[in-house]
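[1] The following comprises the amino acid sequence and a computationally predicted model.
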Amino acid sequence: MIKLYGFSVSNYYNMAKLTLEEKGIAYQEISTTPSQENDYKAKSPMGKVPCIETDKGFISETAAIVDFLEDLQPSPRFYPADPFARAKTREIMRITELYIELAARRHFPHVFFGGPKSEAAVEEVKPVMERGVEALKQLVSGKPFLCGADMTYADIYAYYSFPYANMVTQKLYNWDIVAAVPGLAAALAAVGSRATAKKVDADQQVAMAAFAAQNK
């Protein structure tokens, strides 16, 4: 059985968890926070979550994890069979990760944990996210999912990246980035309506409440 290390507050953890749920792969959750301790870095070399333990060893980095799960259990398929369509799916995933999620993450300490606001980040982040949004406006279908009729990893990445990022942009820039991309809200809703996503989201809400209580 696969062991999934991490915690349900993490959006990247939930990307891996939703993939496991959708594919019907048996797994065990091991509650873990990011750590630079040697014991954990033996599992996840950068000390990040999530990572998974397989019968052959550990895999870290979400992109590597979902690719492994896709190879391990090809059905249901979350990459298109056509090479070009598969590459376009990965293109959306990378833009979402690099220019939406990671850019917004610079503001997480302020928006979610009450840290000081970085004026440098305020100035630097928005242009990056604007370019990401414009790129996605060119690429996404929203009919009903980001790449067309079938859910892909692009939808899973977006579903767990945009809500946090949108909280950031609405608070700091009065900018709804979900509404800015035609078809995105519908695609996120299509993912959220699935029983698997509802299960993962319920676990996330419990974890968020516990996390908030610990950090009062």
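    Nice, thanks for sending it over. Residues are numbered from 1 along each chain as shown.

[2] hey, let's count contacts and neighbours off CA atoms from now on
    Fine.

[3] so what's Gln204 scoring on pLDDT?
    Per-residue pLDDT puts Gln204 at 94.

[4] For it, grab the count of nearby residues.
    If you count neighbours by other Cα atoms under 10 Å, Gln204 ends up with 19.

[5] With adjacent residues omitted, what lies nearest to Val125?
    Using Cα to Cα, 6 or more residues apart in numbering and skipping residues adjacent in sequence, the residue nearest Val125 is Ala103, 5.8 Å away.

[6] Let me know how buried the one you found is, in neighbour terms.
    21.

[7] quick one: contacts for it?
    Contacts for Ala103 (Cα atoms under 8 Å, 6 or more residues apart in numbering) come out as 125, 128-129.

[8] Closest to Arg90 out of those?
    Of all these, Met129 has the smallest distance to Arg90: 18.1 Å, by Cα to Cα.

[9] in what helix or strand does that closest one lie?
    Met129 is part of helix 119-139 when elements are defined by DSSP states H and E.

[10] just Tyr157 next, same as before
    Secondary structure from DSSP H and E places Tyr157 in helix 153-173.

[11] Now do that helix against helix 119-139, angle only.
    140 degrees (axes from the mean of the first three to the mean of the last three Cα atoms, to 10 degrees).

[12] just checking, next helix/strand downstream of helix 153-173?
    Note on helix 153-173: by DSSP H and E, the next helix or strand toward the C-terminus is helix 177-180.

[13] now what about that following helix, what contacts it?
    Applying Cα under 8 Å, 6+ apart, the contact partners of helix 177-180 are 133, 162, 166, 169, 184-185.

[14] Strands of the chain, start to end?
    Under the criterion DSSP state E, strands of the chain are mapped to 2-6, 27-31, 51-54, 57-60.

[15] Need the ones you listed in TSV (columns: distance to Val200 and mean pLDDT).
    Output for the strands of the chain, formatted as TSV (distance: least, Cα to Cα, whole Å; pLDDT from 0 to 100):
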stretch	distance to Val200	mean pLDDT
strand 2-6	13	98
strand 27-31	12	97
strand 51-54	17	98
strand 57-60	20	98
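
[16] Let me have the ones you listed in TSV, adding distance to Ile92 and mean neighbour count as columns.
    As requested, those are arranged in TSV below (distance: least, Cα to Cα, whole Å; neighbours: other Cα atoms under 10 Å):
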stretch	distance to Ile92	mean neighbour count
strand 2-6	25	20
strand 27-31	28	13
strand 51-54	23	21
strand 57-60	21	16
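
[17] out of the contacts of Ala103, which is most surrounded?
    Comparing the contacts of Ala103 by number of neighbours (other Cα under 10 Å), Met129 comes first, having 23 neighbours.

[18] what's that one in contact with, if anything?
    Met129 neighbours (Cα under 8 Å, 6+ apart): 99-100, 103-104.
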